[in-house]
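model this:
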Amino acid sequence: MPVITNFGTLLRSYANKQNSAFVNLRDFCDYIKKYAEHYIEEEPGLVCYLGNTEDTVIAELQKLEAKHLVAMLERNGDKQIIIVIMYYTVRFAQRYKELAFNPAVPFPTLTDLPKQLSSDALEKKSASDLLTSLFVKQDLKSPKLYVVQLPRNVPSILFPECVPIEMLVDAALSKIRTMLKKEEYHDYFLKKLRNANPGKEISIKTFFEQFVTKQDSASQLLESSANSFYSWSQLCYFIRQDFEKVKDTTLEDANLLQAVSIAELHLLMLKNKVQEQQQKDEALELLEAALDKPPYFYPMSAIVKMTDPKGMPLGNRYTDDDLKKFLERLTTESKDGELPRLLVFKIDSGTRYFVYKSKVFPLIIRLCNEAHSVIKQNLTNKWHKALENFEKLPEMHDRQRFESVLKTQVEKTSPVLYALLNANFLTLLDIELQNSTSGGNFRLFSNGRLLPYAELLMIGNATVLANAKILLPFWYSIPVVSQIIGFFMRGSKKKKREAAVEEVKSTNSTNKNIRPATKREAIIQAAKTVENDLVPEGSTVDRELDSYCKQWNKLISPDAHRQLTEDVNSLIRGYMRRVIHTISAQTFTIERVRSLAEALIKTPNMQKITEQESLFMYVQLYILRLISNG
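Below is the predicted model:
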């Protein structure tokens, strides 16, 4: 048997041996000193009790008194008495065990304690707080004894923390059930319930009889009847209403009122728990639906900021752990060996994105279309400058070199597209779609290999070279003239490069000293912060605007397409002119942009456009561009 070194345990053990909670300080000091002398070799930590034993014991007692585990009575001459509250903790724990088998056993109350022990010496807690805290976390080894304060002046009860809180609720409901089994109460309360619920007599009787006759744990019965919260609250109300009218209450009556109070509080706690769970489930369902909306790929920073249709943050209804489990379920659970519904990919900067597998191929197509114009223009400009300087680049005629340049351009201008094309799940997804009836005709792979970037982007080096040559002045096509011009231009090339470097240095130095000095500049700075939430890495506002415009504006005629786009833009500009005075740098946030966009797309003219999700993204981006441009 191990040696006891804990002071509280030694004190409680001594009180149990004396069979009394009243301990004489001097006697206990003698006991603990002898105990320390006997076990000092086995436990050197007991040496503190071998010196000035009384001072050491009093210091330890003061610590226990602060924790409401002991009470020290006033000295009577040389005699100092300690009341060991922990002694009653064990006794009342035994009482609750008896209650589990015999509902007639009364709850322990303050009258069960000696008169010398003031109620202020015990820790007091309201029943609602105690139930809530102990159902979340309970230390079954704790020696604490609580005074549980019940509402409506119902006498308080005593409850040891070492007793499972479920036993308290079970005992309360068992007392109610025992009372309802009595003939004079059974029919009376059943009739009151049925009269209060006309048209529901059968369901009320089923609920009532199930509670009275079922032999399961009472707390389990209450939880299994969570859909009968209203009937439960009515029954408790009727019982409490009748017994509160009794003038000369007996111990049995008081016990029943205590039981009803505990049952009502537990019922309210369960009801709130169910409501919180429903709100959490609804929020996660909205989150699941939001992930299926443009732009279809979301970083964690955007997921935690998602809102409901009213603009309220979804994250307020679930915890970080709930979100983690939700995303883990979507990204890991699969059936029939298929990929999970939600896939994860990471770009070079380290940002992780989530995308539904059903949106991967359409997203790649969209991003390829976006990248086509940007990369084609970048290469055309670059090749045009090279041709102007009479330079020839290897990729102009070498397909492999051109493919390498396209890959580099995609990595630079569209990091999300590059990450998707190089994701480890892409091959498996392509195979899965080939075996699916809804897979579509688009394929990214040929003979097990990803299609060349030239095919994906629909860009050829011959086309880019032709476009670059068209931009050259006509004399570049005259051999003699072009050679003379080339001679002079090559000489000045070095000077131009040096001047360009100096200009960049000067610009950077100037930019470091720039500070937002006006309200306009401050708002523009706030818009750049919002841009990080709306615009994917590697893209720009204009590129995203062009992409979403093609999604909601599907008019084929160039004039009609341009006119509809201008009508929408004009509507946004007019609205922003009216509300611009309400915007400041502090209030211009992503939530503010969303609320402005929601107000706009709900107007009658905007409602005529069918692609509302793409239009919503477009309106947000256009508002951002208006603010960014001042």
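
show me what contacts the spatially closest residue to Phe107 that is not a sequence neighbour?
The shortest distance from Phe107 to any residue other than its chain neighbours is 4.2 Å, reached at Ile157 (C-beta to C-beta, 6 or more residues apart in numbering). Yep, even glycine has a C-beta here, placed from its N, CA and C like the rest. Contacts for Ile157 (C-beta atoms under 8 Å, 6 or more residues apart in numbering) come out as Phe107, Pro108, Thr109, Val148, Leu150, Gln258.

can I get those in TSV with distance to Thr603?
TSV is the format used below for those (distance: C-beta to C-beta, whole Å):
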residue	distance to Thr603
Phe107	64
Pro108	67
Thr109	66
Val148	58
Leu150	56
Gln258	60
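
Just grab the bridge partners of the residue nearest to Phe107 for me.
Assessed by DSSP bridges, Ile157 has beta-bridge partners Val148.

Next one: it from Arg594, what distance?
52 Å (C-beta to C-beta, to the nearest Å).

Show the residue spans covered by the strands in the stretch 201-350 of the chain.
297-299, 342-346 (DSSP state E, counting those that start in this stretch).

Grab the CA positions of the helix or strand following the last one and hand them over as PDB.
Taking DSSP states H and E as the definition, the helix or strand that follows strand 342-346 towards the C-terminus is strand 352-356. Taking C-alpha atoms only, strand 352-356 is exported to PDB below (Å, rounded to 0.1, in the frame of the first residue of the first chain):
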ATOM      1  CA  ARG A 352      -3.900  25.500 -49.300                       C
ATOM      2  CA  TYR A 353      -7.100  25.600 -51.300                       C
ATOM      3  CA  PHE A 354     -10.200  23.400 -51.000                       C
ATOM      4  CA  VAL A 355     -12.300  22.600 -54.100                       C
ATOM      5  CA  TYR A 356     -15.100  20.100 -54.900                       C
END
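
counting contacts, what elements does strand 352-356 pack onto?
If contacts are counted by 3 or more C-beta pairs under 8 Å, 6 or more residues apart in numbering; DSSP states H and E, strand 352-356 sits against strand 297-299, helix 300-303, strand 342-346, helix 415-421.

For it, give the mean pLDDT please.
For strand 352-356, mean pLDDT is 95.

gap between that strand and the chain center?
Centroid separation for strand 352-356 versus its chain: 17 Å, with C-alpha atoms, centre = their mean, to the nearest Å.

how about it: buried residues?
Under the neighbour-count criterion of 16 or more other C-beta atoms under 10 Å, strand 352-356 has Tyr353, Phe354, Val355, Tyr356 buried.

Partner strands of that strand and their direction?
Neighbouring strands of strand 352-356 in its sheet, by DSSP bridges, are strand 297-299 (antiparallel), strand 342-346 (antiparallel).

Mind telling me what element Ala462 is part of?
Applying DSSP H and E, one finds Ala462 within helix 461-470.

how about low-confidence regions in this structure?
The model of the chain has pLDDT under 70 over residues 1, 77, 215-227, 436-441, 474-517, 630.

Please compute how far the helix or strand harbouring Leu429 lies from its chain's middle.
Using DSSP H and E, the element containing Leu429 is helix 426-434. Put simply, helix 426-434 sits 32 Å off its chain's centre (C-alpha atoms, centre = their mean).

so what does that helix touch, helix or strand wise?
Judged by 3+ C-beta pairs under 8 Å, 6+ apart, helix 426-434 is in contact with helix 357-388.

The host helix or strand of Ile623: which residues count as buried?
According to DSSP H and E, Ile623 maps onto helix 612-628. For helix 612-628, the neighbour count (16+ other C-beta under 10 Å) marks 613-628 as buried.

And for stretch 456-464?
Here stretch 456-464 shows Leu456, Leu457, Ile459, Asn461, Val464 as buried, counting by 16+ other C-beta under 10 Å.

And stretch 260-279, by the same measure?
Neighbour-count burial for stretch 260-279 flags Val260, Ser261, Ile262, Ala263, Glu264, Leu265, His266, Leu267, Leu270 (criterion: 16+ other C-beta under 10 Å).

Also stretch 372-385?
Buried-residue list, stretch 372-385, by 16+ other C-beta under 10 Å: Val374, Ile375, Lys376, Asn378, Leu379, Thr380, Lys382, Trp383, His384.

Quick one: residues contacting the second one.
Contacts here follow C-beta under 8 Å, 6+ apart; on that basis Ile375 touches Leu406, Gln409, Val410, Thr413, Leu457, Ile459.

can you rerun that using 6 Å?
Neighbouring residues of Ile375 by C-beta atoms under 6 Å, 6 or more residues apart in numbering: Gln409.

Then the last one?
Shown here is His384, whose contacts under the criterion C-beta under 6 Å, 6+ apart are Ala468, Leu471.

Look up the closest residue to Gly448, ignoring the ones flanking it.
Nearest non-adjacent residue to Gly448, counting by C-beta to C-beta, 6+ apart: Thr427, 7.6 Å away.
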